[in-house]
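Trainee: All I have is the shape, not the residue letters:
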C-alpha cells in the first residue's frame with residue numbers, strides 16, 4: 001500500500017482540495033451498499049462525524065470487502081471528492097484498502113440501539129460509540145477549560161497527596177491503604193489494630209479532598225487550585241455518587257466569601273462557554289439523542305447572574321411554598337440540610353436562575369468554616385444549578401486559631417491530627433476562601449447525561465470495580 005501521510009477525520013471533513021490523495025484510518029461504524037458499490041462509514045474518534053468511504057466492488061472484489069464489517073479497523077488510500085450525499089461535504093473514493101483488524105458478529109456494538117446500562121457492562125468498548133466518544137471528548141475539553149481558566153488568572157496548579165492520614169471532612173468513609181495481611185492483623189493490648197509495622201507506621205487512607213493541603217499552599221503561593229482524583233467509601237448506589245471521582249478545589253488567600261462567590265460564578269460560566277465554543281458537534285448530538293433542553297439550559301446559566309441569598313431566606317421561601325400547597329418529599333426546617341428537590345425548587349421555579357446559598361447553620365457544616373457573629377451560622381456557600389442541585393460547595397475558612405481549634409474539638413477532630421493545619425493559623429494567619437467542584441457533576445450538567453457512571457470512563461461504585 002502506498003505510503004501517504006494520514007489525515008485525521010476531523011480535518012479531512014474540513015478539506016476542500018478535491019482530487020487530493022489522502023490516507024484515512026479508523027474503525028468501521030457501518031457498511032452498506034449494492035452489488036456495484038460499498039459505502040463504509042469510518043470513524044477515528046477525532047469527531048462525532050464519520051467520513052464516508054466509497055469502494056467500487058469491481059475494483060476490490062466482493063470477497064476482499066466481506067471482512068469489513070461493523071467494528072473492523074482499516075486504512076484507506078483514496079481521492080478526496082465532493083460528496084453528493086446528505087449531511088457531509090466530502091467523501092473518499094477508495095483506491096487501496098488495508099484491513100488492520102476484523103470484528104466478527106460477536107462484537108458487542110453491532111449497529112442497533114444499546115442501553116446505557118448494557119454499555120456500562122462493556123465499558124472497555126463503549127468509548128467507540130457515538131455517545132461515549134462525545135462524552136469523553138467533552139471531558140477532555142472541560143479539563144482544558146479548567147486549567148486555562150486558572151492559569152490565565154495567575155493561579156498555581158498544586159498537587160495534594162492521594163494517600164493521607166487526615167480525614168478532611170470528618171466523614172469517616174475512607175478507603176484504607178495498607179500493606180498488612182488483612183487476615184492476620186496485629187493488635188495491641190486494647191484489641192485495636194497496631195499499625196507500627198505497616199508501610200507508613202500509622203493508619204493511612206485515600207484522600208477525600210485536597211482542601212486542607214490546598215490551604216497550606218494558598219498561605220504561601222496566594223492563589224492555587226487542585227485538580228485530581230478523590231475517594232469516598234460511601235455505600236451510595238445513586239446516579240450522582242461515585243467511589244472515585246475528580247475534584248477541582250481553588251484556595252485563595254485574602255478572599256472573603258463575596259470574592260469566593262464571584263470566582264465560582266466566573267469559573268463555571270467560563271467552563272460552559274468553553275464547551276459551547278469548542279464541543280458544538282458533540283453537544284448537538286447529545287442534545288438530539290438524550291436531552292432536548294440541554295443547549296437551552298447551558299445558555300440559561302451563561303445568561304443569568306447567580307442569585308445570592310442566605311440559607312435562612314431560602315428556608316423562608318421553601319416554607320412559603322409548602323404553605324401554598326407545594327409538596328416536597330422531605331420536610332423543610334431551619335437547621336436541616338437541603339435536599340436536591342429543595343435546591344432545584346429555588347433555582348428552577350422560584351428564582352429561575354442559578355442560586356448561591358450562604359450562611360448555613362454551623363451544625364450541618366464542616367469544622368473549618370468561618371463562624372459568623374451570630375454564633376449560629378458559618379460563611380458557607382453552595383452553588384445550585386437546574387436539574388442538578390448543588391454543583392459547588394465552599395466557604396470562607398476560619399482563620400482564627402482559637403475558634404478553629406475549639407470548633408474542631410467540638411466536632412471530634414483532635415489537635416494531634418491537624419496540628420499542621422492549625423499552624424497556618426498560628427503563623428501569619430490570613431482570611432482565605434475556597435470551594436470544591438466535583439468534575440463529574442459538571443460533566444453531567446454539560447453533557448445532559450443522567451447518570452454519573454456515564455461521564456467517567458471506568459466508574460467505581462459499590463460492588464463494581466471492573467476494567
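Mentor: Yep, it's here. Because the structure is predicted, anything quoted here is derived from the model rather than measured.

Trainee: okay, how far is it across stretch 320-336, tip to tip?
Mentor: Start-to-end span of stretch 320-336 (C-alpha to C-alpha, to the nearest Å) is 16 Å.

Trainee: and it, which residues are buried?
Mentor: By neighbour count on 16 or more other C-beta atoms under 10 Å, the buried set for stretch 320-336 is 321, 332. (C-beta placed from N, C-alpha, C; glycine too.)

Trainee: which outside residues touch that stretch?
Mentor: Residues outside stretch 320-336 that contact it (C-beta atoms under 8 Å, 6 or more residues apart in numbering): 312, 315, 318-319, 338-339, 341-342, 345, 349-350, 361, 363-364.

Trainee: From the residues you listed, which land in strands?
Mentor: The strands, defined by DSSP state E, take in residue 361 from those.

Trainee: Any of the contacts of stretch 320-336 buried? List them.
Mentor: Using 16+ other C-beta under 10 Å, the buried members of the contacts of stretch 320-336 are 312, 315, 318, 338-339, 342, 345, 350, 361.

Trainee: ok, which stretches of the stretch 301-450 of the chain are helices?
Mentor: Shown for the stretch 301-450 of the chain, the helices assigned by DSSP state H, counting those that start in this stretch span residues 311-323, 340-344, 401-410, 415-426, 439-447.

Trainee: Can you say which of those is packed in most?
Mentor: A comparison of the helices of the stretch 301-450 of the chain by mean neighbour count, using mean count of other C-beta atoms under 10 Å, puts helix 439-447 on top with a mean of 24.

Trainee: who's in contact with stretch 47-65?
Mentor: 9-10, 12-13, 24, 26, 29, 31, 33, 35-43, 76, 78, 81, 83, 85, 88, 90-95, 97, 130, 133-134, 137, 281-282, 285.

Trainee: Of these, select the buried ones using a ChimeraX command.
Mentor: A single ChimeraX command selects the buried members of the contacts of stretch 47-65 (16+ other C-beta under 10 Å):
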select :9,10,12,13,24,26,29,31,38,40,41,42,43,76,78,83,90,91,92,93,94,95,97,130,133,134,137,282,285
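
Trainee: quick revisit: a markdown table please, covering the contacts of stretch 320-336 and showing pLDDT.
Mentor: Shown next, in a markdown table, are these (pLDDT from 0 to 100):
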| residue | pLDDT |
| --- | --- |
| 312 | 97 |
| 315 | 98 |
| 318 | 97 |
| 319 | 97 |
| 338 | 96 |
| 339 | 95 |
| 341 | 95 |
| 342 | 97 |
| 345 | 97 |
| 349 | 96 |
| 350 | 97 |
| 361 | 97 |
| 363 | 94 |
| 364 | 94 |
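
Trainee: which of the contacts of stretch 320-336 sit farthest apart?
Mentor: Greatest spacing in the contacts of stretch 320-336, by C-beta to C-beta: 349 and 363 (27.5 Å).

Trainee: As a quick check, tell me the outermost residue of the protein.
Mentor: residue 58 (49.2 Å; C-alpha atoms, centre = their mean).

Trainee: distance of it from residue 408?
Mentor: Between residue 58 and residue 408 the distance is 80 Å, computed by C-beta to C-beta, to the nearest Å.

Trainee: rewinding a little: tell me which of the helices of the stretch 301-450 of the chain approaches residue 273 most closely.
Mentor: helix 439-447 (10.9 Å).

Trainee: Can you list the helices and strands that that closest one packs against?
Mentor: On a contact count with 3 or more C-beta pairs under 8 Å, 6 or more residues apart in numbering; DSSP states H and E, helix 439-447 meets helix 130-152, strand 244-253, helix 257-278, helix 280-289, helix 294-303, strand 389-397.

Trainee: a markdown table for those, including mean pLDDT and distance to residue 201?
Mentor: What follows is these, written out as a markdown table (pLDDT from 0 to 100; distance: least, C-beta to C-beta, whole Å):
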| stretch | mean pLDDT | distance to residue 201 |
| --- | --- | --- |
| helix 130-152 | 98 | 36 |
| strand 244-253 | 98 | 26 |
| helix 257-278 | 98 | 37 |
| helix 280-289 | 97 | 48 |
| helix 294-303 | 95 | 48 |
| strand 389-397 | 96 | 30 |
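
Trainee: can those go into CSV with extra columns for distance to residue 452?
Mentor: Shown next, in CSV, are those (distance: least, C-beta to C-beta, whole Å):
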stretch, distance to residue 452
helix 130-152, 11
strand 244-253, 8
helix 257-278, 17
helix 280-289, 15
helix 294-303, 16
strand 389-397, 12
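
Trainee: any idea which helix or strand carries residue 38?
Mentor: Using DSSP states H and E, residue 38 sits within strand 37-43.

Trainee: Following element in sequence after that strand, please.
Mentor: Next helix or strand after strand 37-43 toward the C-terminus (DSSP H and E): strand 51-56.

Trainee: That following strand versus strand 37-43: what angle between them?
Mentor: Relative orientation of strand 51-56 and strand 37-43, computed by axes from the mean of the first three to the mean of the last three C-alpha atoms, to 10 degrees: 160 degrees.

Trainee: Which positions within the helix or strand that comes right after strand 51-56 qualify as buried?
Mentor: Sequence-wise, the next helix or strand downstream of strand 51-56 (DSSP H and E) is helix 57-60. Across helix 57-60, burial judged by 16+ other C-beta under 10 Å covers residue 60.

Trainee: just to revisit the earlier point, including distance to residue 119, could the helices of the stretch 301-450 of the chain go into CSV?
Mentor: Shown next, in CSV, are these (distance: least, C-beta to C-beta, whole Å):
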stretch, distance to residue 119
helix 311-323, 38
helix 340-344, 25
helix 401-410, 45
helix 415-426, 42
helix 439-447, 14
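
Trainee: Just tell me which of those helices ends up closest to residue 212.
Mentor: When the helices of the stretch 301-450 of the chain are compared by C-beta to C-beta, helix 415-426 sits nearest residue 212, at 5.3 Å.

Trainee: now the strands: where do they sit in the stretch 101-250 of the chain?
Mentor: Using DSSP state E, counting those that start in this stretch, the strands of the stretch 101-250 of the chain run over residues 156-157, 163-164, 176-177, 204-206, 223-231, 244-253.
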